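Engineer: missing the sequence, but the structure's below:
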């Protein structure tokens, strides 16, 4: 039987290794992905409620189980826009969790180039 974990607001604390990633030059139509690694530095389980990309060109998948204190998880941002025009892009992913600091924004950017 799986034990239920009670998550208490304001007791989990999240720290990301980085809040921004630059993909550099991406040939038009190619996919890139990056793992944003996070750590629960609080004293209660951390739960990612949702991750909201600002663009349909960014897909994400993330750790869905509670991350215990001292443990890590990840949010993978996948950039794939086959219709992108050449040039710079700057996109965000909003992260909602029971983190005591509230909402966090992650950034991905890069430069689309012709093949």
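Structural biologist: Received, thanks. All of these numbers come straight from a predicted model, not from anything done at the bench.

Engineer: Near the residue nearest to residue 57 when sequence neighbours are not counted, how many other residues are there?
Structural biologist: Among residues not flanking residue 57 along the chain, residue 81 sits closest, at 3.5 Å (CB to CB, 6 or more residues apart in numbering). For glycine as for every other residue, the C-beta is placed from the backbone atoms N, C-alpha and C. Residues near residue 81, counting by other CB atoms under 10 Å, number 18.

Engineer: what do you get for residue 68?
Structural biologist: There are 14 residues near residue 68, going by other CB under 10 Å.

Engineer: where are the low-confidence patches of the protein?
Structural biologist: 1-10 (pLDDT under 70).

Engineer: contacting residues for the closest residue in space to residue 26 that isn't next to it in sequence?
Structural biologist: Computed as CB to CB, 6+ apart, the closest residue to residue 26 that is not its neighbour in sequence is residue 110, at 5.1 Å. Counting by CB atoms under 8 Å, 6 or more residues apart in numbering, residue 110 touches 22-26, 32, 79, 88-89.

Engineer: ok, and the most crowded of those residues?
Structural biologist: Result: residue 79 is most packed of those (other CB under 10 Å), 24 neighbours.

Engineer: Pretty sure it sits against residue 57.
Structural biologist: Yes. Look at residue 79 against residue 57 with CB atoms under 8 Å: they come within range, at 6.2 Å.
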